[in-house]
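S.K.: 3D model of this:
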Amino acid sequence: MDPGDVLVYSPTNLTTGQAVRYTVTTNAAAGSCVFTSAPITITVLDPPVATLTSDKSVDSICSGDSIIFTAGPAGQANYEFFIAGVSKQSGAATTFTTTEITQDRAVRVVVTNAGGCTDDDTVSVQVADATVPGFIAIDTTGDNSGDAITKFLVVVLGKKLLKVKMPLEELELVEKVPNKWANLGS
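M.R.: Numbering: from 1, shown residues only. Predicted coordinates:
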C-alpha cells in the first residue's frame, strides 16, 4: 500500500502480526537513492471495555459512608477514578475506596491499556437524605415539604407509644400491651 509523498501515514486497517515496511526515496530527479526498512511487526491493541461497580446495593449510601469501587478489566496499564469530574486516584490499582461522597455524585473510571487506548464507565451514587434525630418528615405531595397526612403516626418513647394525629393537632399517650401493640386505628 503506497500512501504517496507523506511524512506521516496512519492506516486504520492494520491487524496484529502484520508486517509493515517503509521506503524512503530521495532526490528522485537525480537518480534517486532508495532505502527500504526491515519489516516492522505491528501489535494492535483493542481498547479496553471499561466496567465500574460498587460494593453497595443499588449504588446507594448515607452521606460520608465508605464505598468501594472496582474497575475492570483487570491487567490494564492505568485506572483513573473521578468524583464529579475531579480526579481522585490514578494508577495500577483496580479498586478505589472513598468516604468523600456526601451528595448524589457520578463516579467515573477511565481505563487505559498498554497502547494508550482508553474507555470509561460511570456509576451514579445516590446519597440518602439524613434527618435530624427525633424528627420525622412525611411527604404526601412529592414536594419535599413534609406536609401532613390524615392517618396516625405512632412513635415509640421508651415503653410507651405516642400516637400523633397529622396534621399535628393532638398527641395521645397509649400504653403498650406486653408483646402486642395497642389497636390505634386510623
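S.K.: which of the residues in the longest strand anywhere in the chain are buried?
M.R.: Using DSSP state E, we find that the single longest strand of the chain is strand 118-128. Buried residues in strand 118-128, counted by 16 or more other C-beta atoms under 10 Å: 118-119, 121, 123, 125, 127. For glycine as for every other residue, the C-beta is placed from the backbone atoms N, C-alpha and C.
S.K.: TSV for these, including distance to residue 93 and pLDDT?
M.R.: Formatted as TSV, the buried residues of strand 118-128 follow (distance: C-beta to C-beta, whole Å; pLDDT from 0 to 100):
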residue	distance to residue 93	pLDDT
118	17	95
119	17	97
121	16	98
123	17	97
125	19	94
127	24	87
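S.K.: Report the separation between the nearest residue to residue 14 once chain neighbours are set aside and residue 48.
M.R.: The shortest distance from residue 14 to any non-neighbouring residue, by C-beta to C-beta, 6 or more residues apart in numbering, is to residue 42 (5.0 Å). As defined by C-beta to C-beta, to the nearest Å, residue 42 lies at a distance of 19 Å from residue 48.
S.K.: what about the two, which has more around it?
M.R.: Neighbour comparison, residue 42 and residue 48: the larger count goes to residue 48, with 24 against 13 (by other C-beta atoms under 10 Å).
S.K.: Number of residues surrounding residue 80?
M.R.: Every residue meeting other C-beta under 10 Å relative to residue 80 is counted, giving 18.
S.K.: which stretches of the chain have low pLDDT?
M.R.: 1-9, 25, 27-32, 129-186 (pLDDT under 70).
S.K.: can I see the domain layout of it?
M.R.: With domains defined by automatic domain parsing, the chain comprises 11-44, 51-128, 132-186.
S.K.: How about the contacts made by the residue lying closest to residue 23 once chain neighbours are set aside?
M.R.: Closest residue to residue 23 apart from its sequence neighbours, by C-beta to C-beta, 6+ apart: residue 36 at 4.7 Å. Residue 36 is in contact with 21-24, counting by C-beta atoms under 8 Å, 6 or more residues apart in numbering.
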